[in-house]
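Enquirer: have a look at this prediction, sequence included:
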Protein chains: 2
Amino acid sequence: MTQLELARNGIITDEMRVCAQREGVLPDKVMEEVALGRAVIPKNRLRPLERPCVIGKAFSVKINANVGTSPDSCSLESEREKIETAILSGADCVMDLSIAGNLKKIRRALLEVATVPFGTVPIYEVTYNLVRDGRDVESMTIDDVLAVLEGQAKDGVDFFTIHAGLTKRAVERYVDKRVMKVVSRGGSILTEWIVKNNKENLLYEYFDDILALMKEYDVTISLGDGLRPGAIADATDRAQIEELTVLGELADRARSFGVQVMIEGPGHVPLNQIQMNMELEANLCGDAPFYVLGPLPTDVAVGFDHISGAIGGAIAGWFGASMLCYVTPAEHISHPDKNDVFLGVIGAKIAAHSADLARGNRQAWEWDNAISLARFNQDWDGQIRLAIHPPTAKRLRDRMDLKDKSACSMCGEFCAIKRVKNAKEADKI
Amino acid sequence: MTQLELARNGIITDEMRVCAQREGVLPDKVMEEVALGRAVIPKNRLRPLERPCVIGKAFSVKINANVGTSPDSCSLESEREKIETAILSGADCVMDLSIAGNLKKIRRALLEVATVPFGTVPIYEVTYNLVRDGRDVESMTIDDVLAVLEGQAKDGVDFFTIHAGLTKRAVERYVDKRVMKVVSRGGSILTEWIVKNNKENLLYEYFDDILALMKEYDVTISLGDGLRPGAIADATDRAQIEELTVLGELADRARSFGVQVMIEGPGHVPLNQIQMNMELEANLCGDAPFYVLGPLPTDVAVGFDHISGAIGGAIAGWFGASMLCYVTPAEHISHPDKNDVFLGVIGAKIAAHSADLARGNRQAWEWDNAISLARFNQDWDGQIRLAIHPPTAKRLRDRMDLKDKSACSMCGEFCAIKRVKNAKEADKI
């Protein structure tokens, strides 16, 4: 049975127990949310997973980091370093989006170092195999897809992005009106397949076969948004909402199979449309966990999209997103390196934590209260230890040659904390 | 007459005309907003100001960058470089918060390079003079204050932060309950003065004298929030709201004198309290422009507070803040260097621009549409030119040795844009 089926039967699994402990809640709570389909615990039945996590709006907001080779930057060693950096800096999940090199070998090597849930977009390997075999994308069959899914499931992948909600209708009616058309790699492959074959999306047509296979390994399905907006001007348009509506139907279907399901979301969205997007997903998809990319509230932050992603992600998390996919400073312009991965994780983590505070998460409040108490006590070691990334905090503190070791270097004798403490002691305010 | 008085008399000044052109609106619009006190144009009558700007909720969101010496890092050259970096990277206003070295000399030197409105917190120089003369803070008189204000006004400072709303009542009743008490440097000086003298804040008592002097030079008053929350746990508490209420009264008073006025705001505020804070300020302070520090939606982002500040600032701007004070990565832990200033400005600029988009600003939408069009056309020069910081975008693009010069390095043959274009051409979708 899958975690979903077990939860429905009132069974608390080891994974639920570990997740509950990490969240600081009772195991019953995790079981209930999983049973309702409001939370998922992505874990392949075949995989020994050190740090499972529960993804759902009743719990802390999670973050995912993508890594993967590209034709212009294809080194297993570098991707392995990135995945280790991501996990060390706080990623709750990772995805391997490799599209170059020996995909199987890379995936297996990365799975070995990933102590957290591990996802993929199997259509990449399907396409990679077609190209390798000299076949056109439009010749792709459901058997090609299922073969890759099975191979990856057997390797132990915990969740698959499946772009089954991108329909012929949406492609024909709505895509052409957009500034950026289709910006999802998987979405563009399926768009090409649909257009050239003049047929409905094969992932939609054979969705039950996909579910049956995934259920066998308890691989969680992450319903991909192949039509996510890639420009502010395309946000919340008909193409996106048509697909989201279909994703909601498919989520119901997945649950009826006992397959854990989450929904992927935008993309480029202006600030004032993020709340609506979160609420719409909850309604259309029966509260399935929403896993969002960014969202990015502007198109212009090239080189700093970890910051724009943090802005959008914080608001998304606050209004109900369950997992934020990080965005790195390399987004739109380059292939991320290890430092980009680090900055992407930090940005997403600040966003997720800010959302946790806004959602009233007890553990999040305790963390902030602890660092502020250390700050008031001018306990610099405590502040560094409690900082989001202690080595960075320490480096900034240590770069000054301080006259007064108890002070920060901003204010010296103008230190507000000391002044008020002194005044207080003098006059007992 | 001040810009406010001129606007009330239906006079469109040169400054209003320049601001209108920058905003892409009619000069009448600027005049009306200034006349209503919903916008300010900080510009000292004595100062030749290259780039005046209009700060108000009907216009694009502005950003301010603070620089200034500290006892542990006191170099005029370094502060000058920082102010130049800030302006070059997009700061609309700058403030000199120096507290060490020859304050007059530093201020005059920085004023010379500042092509944008220039603000100070005069209480720092007042305190500095007291310490120099061997006097205690509690011996400060209104004459000490007025002498400094006059000197700075004659130097050409465009706006003063004045902490006149921090009252004896708030200090006595509400400060002690807080985790972080008082975190504003100016606020802590006045708290000490109030407590030790057991008297009402002298800036409050002699507010009319301050206004009379500022009016003479058309220095804009920025009513400081000496009791801004310095911890998430202290946000929107009685101390903060008591002060904000008084600031509203003082804003009315300033306008009745014909003095342009803006209101300074928090501080550390969780995401779910930012909208309320913006609306409260608008109501209590008669829509006076709100100039916010951050806000920071978490206490833990030490070393990355330019990111947490961007998150809070974007939401604040979206809900009506008129100017965002940048926060640098050095906040809470060190004295910012030039690179910190750069990152602080970029973070604030992304926040302000995201807010502009959410507020429906036409120029902001044109910028995003232009870069997205360049992106769709795979016009890399255009994307770099339209990026928030072109040199960074160029550096990221150039670091890859690309096989296909027309592609980004993320996807190679998996490029979604190319795939959809090809499919479209093949089948006329």
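Expert: That came through, no problem. Residues are numbered from 1 along each chain as shown, chains lettered A, B, ... in the order given.
Enquirer: wait, residue A:224 touches residue A:119, no?
Expert: No. With contact defined as CB atoms under 8 Å, residue A:224 and residue A:119 do not form a contacting pair (10.6 Å). Bear in mind the C-beta positions are built from the backbone N, C-alpha and C, glycine included.
Enquirer: find the residues that touch each one of those two.
Expert: Common neighbours of residue A:224 and residue A:119 are listed as residue A:161 (criterion: CB atoms under 8 Å, 6 or more residues apart in numbering or on different chains).
Enquirer: surely residue A:152 and residue A:107 touch.
Expert: Yes. Contact status for residue A:152 versus residue A:107: in contact at 7.0 Å, counting by CB under 8 Å.
Enquirer: what about stretch A:35-47, distance to the chain center?
Expert: Stretch A:35-47 sits 15 Å away from the centroid of its parent chain (CA atoms, centre = their mean, to the nearest Å).
Enquirer: averaged pLDDT, that stretch. What do you get?
Expert: The average pLDDT within stretch A:35-47 is 98.
Enquirer: and what of stretch A:4-21?
Expert: The model assigns stretch A:4-21 a mean pLDDT of 98.
Enquirer: do the same with stretch A:381-394
Expert: Per-residue scores along stretch A:381-394 average to 97.
Enquirer: before we move on, what about stretch A:232-252?
Expert: 98.
Enquirer: do the same with stretch A:132-142
Expert: 96.
Enquirer: stretch A:61-68 now?
Expert: Stretch A:61-68 comes out with an average pLDDT of 98.
Enquirer: what does it contact?
Expert: The contact list for stretch A:61-68 (CB under 8 Å, 6+ apart) reads A:53, A:55, A:79, A:82-83, A:86-87, A:90-99, A:106, A:110, A:119, A:291, A:317, A:321-326, A:336, A:341, A:344-345, A:348-349, A:351-353, A:355-356, A:359.
Enquirer: make it 7 Å
Expert: When contacts are defined by CB atoms under 7 Å, 6 or more residues apart in numbering or on different chains, stretch A:61-68 is touched by residues A:53, A:55, A:79, A:82-83, A:86, A:90-99, A:317, A:321-326, A:341, A:344-345, A:348-349, A:352, A:355-356.
Enquirer: residue A:152 and residue A:107: which is more packed in?
Expert: Neighbour count, other CB atoms under 10 Å in any protein chain shown: between residue A:152 and residue A:107, residue A:152 has more, with 24 against 21.
Enquirer: three-state assignment of the more buried one?
Expert: Look at residue A:152: counting by DSSP: H, G, I helix; E, B strand; the rest coil, its state is helix.
Enquirer: list the contacts for it?
Expert: Contacts of residue A:152 by CB under 7 Å, 6+ apart are A:120, A:122.
Enquirer: got a pLDDT number for it?
Expert: For residue A:152, pLDDT reads 98.
Enquirer: could you measure from it over to residue A:95?
Expert: The gap separating residue A:152 from residue A:95 is 12 Å, by CB to CB, to the nearest Å.
Enquirer: give me the common contacts of these two.
Expert: Counting by CB under 7 Å, 6+ apart, the contacts common to residue A:152 and residue A:95 are residue A:120.
Enquirer: so residue A:189 makes contact with residue A:122?
Expert: No. Counting by CB atoms under 7 Å, residue A:189 does not reach residue A:122; the two are 11.2 Å apart.
Enquirer: related to what we said a few turns ago, now do the shared contacts for residue A:152 and residue A:107.
Expert: Common contact partners of residue A:152 and residue A:107 (CB under 7 Å, 6+ apart): residue A:120.
Enquirer: who's in contact with residue A:52?
Expert: A:15, A:18-19, A:41, A:43, A:117.
Enquirer: what does the helix-or-strand element of chain A with minimal mean pLDDT rub up against?
Expert: Every helix and strand in chain A was compared by mean pLDDT, DSSP states H and E; the lowest is helix A:416-427, with a mean of 81. Helix A:416-427 is contacted from outside by A:376, A:378, A:429, B:181-185, B:187-189, B:191-192, B:195-196, using CB under 7 Å, 6+ apart.
Enquirer: can you give me the strands in the stretch 151-300 of chain A?
Expert: A:159-162, A:220-223, A:261-265, A:290-293 (DSSP state E, counting those that start in this stretch).
Enquirer: so which of the ones you listed is the most surrounded?
Expert: For the strands of the stretch 151-300 of chain A, the largest average neighbour count (mean count of other CB atoms under 10 Å in any protein chain shown) is found in strand A:220-223, namely a mean of 29.
Enquirer: what pairs with that one, parallel or antiparallel?
Expert: Next to strand A:220-223 in the sheet, as set by DSSP bridges, lie strand A:159-162 (parallel), strand A:261-265 (parallel).
Enquirer: and chain A, what are its domains?
Expert: Annotated domains of chain A cover A:61-360, A:379-425 [automatic domain parsing].
Enquirer: end to end, how far does the last one reach?
Expert: The stretch domain A:379-425 measures 19 Å between its terminal residues, going by CA to CA, to the nearest Å.
Enquirer: do stretch A:208-226 as well
Expert: The straight-line separation of the ends of stretch A:208-226 (CA to CA) is 19 Å.
Enquirer: and it, how far from the chain's centre?
Expert: Distance, stretch centre to chain centre, for stretch A:208-226: 17 Å (CA atoms, centre = their mean).
Enquirer: for residue A:156, the count of nearby residues, please.
Expert: A count of nearby residues for residue A:156, using other CB under 10 Å, gives 21.
Enquirer: meant to ask about residue A:154, not that
Expert: Neighbour tally, residue A:154, other CB under 10 Å: 12.
Enquirer: same deal with residue A:136?
Expert: By other CB under 10 Å, 11 other residues sit near residue A:136.
Enquirer: list phi and psi for it.
Expert: When read as degrees, to the nearest 10, the backbone of residue A:136 gives phi -80, psi 160.
Enquirer: now the helix or strand in which residue A:17 is found: buried residues?
Expert: Per DSSP states H and E, residue A:17 falls inside helix A:14-23. Within helix A:14-23, the residues that count as buried by 16 or more other CB atoms under 10 Å in any protein chain shown are A:15-16, A:18-20, A:22-23.
Enquirer: now do that helix: distance to the chain's middle.
Expert: Distance, stretch centre to chain centre, for helix A:14-23: 19 Å (CA atoms, centre = their mean).
Enquirer: right, and the helix or strand after that helix?
Expert: Tracing the chain past helix A:14-23, the next element assigned as helix or strand by DSSP H and E is helix A:27-35.
Enquirer: just the CA trace of that following helix, in CSV.
Expert: The C-alpha coordinates for helix A:27-35 follow below in CSV (Å, rounded to 0.1, in the frame of the first residue of the first chain):
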residue,chain,number,x,y,z
PRO,A,27,1.9,11.6,14.2
ASP,A,28,-2.0,11.5,14.0
LYS,A,29,-1.9,14.9,12.4
VAL,A,30,0.4,13.8,9.6
MET,A,31,-1.6,10.7,9.0
GLU,A,32,-4.9,12.7,8.8
GLU,A,33,-3.5,15.2,6.3
VAL,A,34,-2.0,12.5,4.1
ALA,A,35,-5.2,10.6,4.2
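Enquirer: output the contacting helices and strands for the helix or strand just after it.
Expert: The helix or strand immediately downstream of helix A:27-35 is strand A:39-40, counting by DSSP H and E. Packing partners of strand A:39-40 (3 or more CB pairs under 7 Å, 6 or more residues apart in numbering or on different chains; DSSP states H and E): helix A:27-35, strand A:55-56.
Enquirer: just these: most buried one?
Expert: By mean count of other CB under 10 Å, those have strand A:55-56 as the most buried, with a mean of 28.
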